[in-house]
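1. how would this look folded up:
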Amino acid sequence: MPKRARTGPMPDVFETFAHRVDEEDQAAGPIEVGQVAKGAGLSLGLMVITGMAFVLGFWTGTQNEPDLAYDHLVWEGVIKVGFALVCGLLAAAVVLALAMVAIGVPWVQRQRKRRRRRG
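-> This is a model prediction of the structure:
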């Protein structure tokens, strides 16, 4: 069943949400280029470290095979690759979690100090 055509004028999206674009958050201030570059550098560093952790975890998983009796060659390959993938993902998750804690704790402490100075 086709939709009926709208008879009234269409609302202007830019006019409807203009207050969100035009008004600047006065409390936050302008975004500094140095902060953006620092955040991009941290993100890139986390991606590289997490990737390296995955590769090392995968390699560790290939060196330590689960001790199972395999019925078929296909299942042996699936289990070995699956075990190595799980080891890699676990290593990447652990490294990412530790890095986020190492970055997040000082950030939270700085935010609390700023709030204490204001209030």
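2. now do the longest helix seen in the chain: distance to the chain's middle.
-> Secondary structure of the chain per DSSP state H: the longest helix is helix 73-118. Distance of helix 73-118 from its chain centroid, counting by C-alpha atoms, centre = their mean, to the nearest Å, is 10 Å.
3. just checking, what packs against that helix?
-> If you count contacts as 3 or more C-beta pairs under 8 Å, 6 or more residues apart in numbering; DSSP states H and E, helix 73-118 packs onto helix 33-63. For the C-beta atoms, the positions are set from N, CA and C on the backbone; glycine is no exception.
4. what secondary structure does Ile31 sit in?
-> At Ile31 the chain is in coil, as set by DSSP: H, G, I helix; E, B strand; the rest coil.
5. oh, and call the first residue 46 from now on, that's how I've got it
-> New numbering, starting at 46: the last item is Ile76.
6. could you check the distance from it over to Phe62?
-> Here the criterion is C-beta to C-beta, to the nearest Å. By it, Ile76 lies 20 Å from Phe62.
7. same question for Leu89.
-> Going from Leu89 to Phe62 by C-beta to C-beta gives 32 Å.
8. with Ala147 instead?
-> Ala147 is 38 Å from Phe62, where distance means C-beta to C-beta.
9. fine by me, thanks again.
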